[in-house]
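**Q** How does the following fold in three dimensions:
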Amino acid sequence: MVDYIEYDADWGFIIDPTTLTMQSLHGKAPVGSIILTKAKETVEAGFDVVVTKYFVAKKTGVEALGGKKDASVILADLALKIMKETGEMPADITVKKEYSNGNVDLVFTASDYDKFVLKFTPKMTACPVMDFLDTLNEPSRREFNPVESWRVERAKSGRATCRTCRGKIEKDTLRIGEPSFFQEHKSWKWHHLACVADDIWGIPEEKLEGYEELDSDEQNVVRETIWS
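**A** I've put the predicted structure just below:
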């Protein structure tokens, strides 16, 4: 059973400690996860930059990290644990550089904007790092298990824009709602079903609100798209 702690931020994300998937932060975080909070700041040159701060969720509370390097150390340990347990190379991790001392840098791409360099040493893997990595299989498809429930429904109008492709979502077509919170009020960021199908593949039925409200044909479309 996963333990959670209460924590929220206006603009935040978690990196799940068991899957290394990055998800939006919605009021609680799994113990052991890395938390990223973001904010826009204006620099002296007069333009805005996004500043990211890093934290780790512990049973006793959220602990601030010194920076991205500290987060990378924790993520390296989490990645190694997952590799040993699954025998697979996580999908978002690639080899960057091998050093003469046997150390290897891996790149973990958590999102388009968040990349971490994970340093593996022979001491960590108990053998040459590349030998260990060579034993790993290609990643299998992993089921998406979000902290907060998502939603599926027929579009009530044709006004919503897909947050993935930026195209209009036609009325009465299936759309997927990504949970979004502002001042504890829950709303939805809408996507075409096809646009997020790969990202939410395998989501537990109990975490997909609205599925039971669809007719049988629509349920078949959802099953074939994200559960087959």
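**Q** Show me how this protein divides into domains.
**A** 4-134, 150-226 (automatic domain parsing).
**Q** got a markdown table for those domains, with distance to Ser140 too?
**A** For every residue, glycine as well, the C-beta is placed using N, CA and C. Shown next, in a markdown table, are the domains of the chain (distance: least, C-beta to C-beta, whole Å):
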| stretch | distance to Ser140 |
| --- | --- |
| domain 4-134 | 6 |
| domain 150-226 | 11 |
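**Q** Low-confidence ranges, this protein, go.
**A** 1, 182-184 (pLDDT under 70).
**Q** quick check: longest helix of it.
**A** For the chain, the helix with the greatest residue count under DSSP state H is helix 68-86.
**Q** by contact count, what packs against it?
**A** strand 34-42, strand 48-58, strand 104-109, strand 115-120, helix 122-125 (3 or more C-beta pairs under 8 Å, 6 or more residues apart in numbering; DSSP states H and E).
**Q** that older thread, a markdown table for the domains of the chain, including mean neighbour count and distance to Arg142?
**A** Formatted as a markdown table, those follow (neighbours: other C-beta atoms under 10 Å; distance: least, C-beta to C-beta, whole Å):
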| stretch | mean neighbour count | distance to Arg142 |
| --- | --- | --- |
| domain 4-134 | 16 | 6 |
| domain 150-226 | 15 | 7 |
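**Q** of these, which approaches Arg141 most closely?
**A** When the domains of the chain are compared for distance to Arg141 using C-beta to C-beta, the nearest one is domain 150-226, at 6.4 Å.
**Q** ok now the closest one, how far from the chain's centre?
**A** Domain 150-226 sits 18 Å away from the centroid of its parent chain (C-alpha atoms, centre = their mean, to the nearest Å).
**Q** Now Leu193. Nearest residue, chain neighbours left out?
**A** Excluding the flanking residues, the one nearest Leu193 by C-beta to C-beta, 6 or more residues apart in numbering is Leu174, at 4.6 Å.
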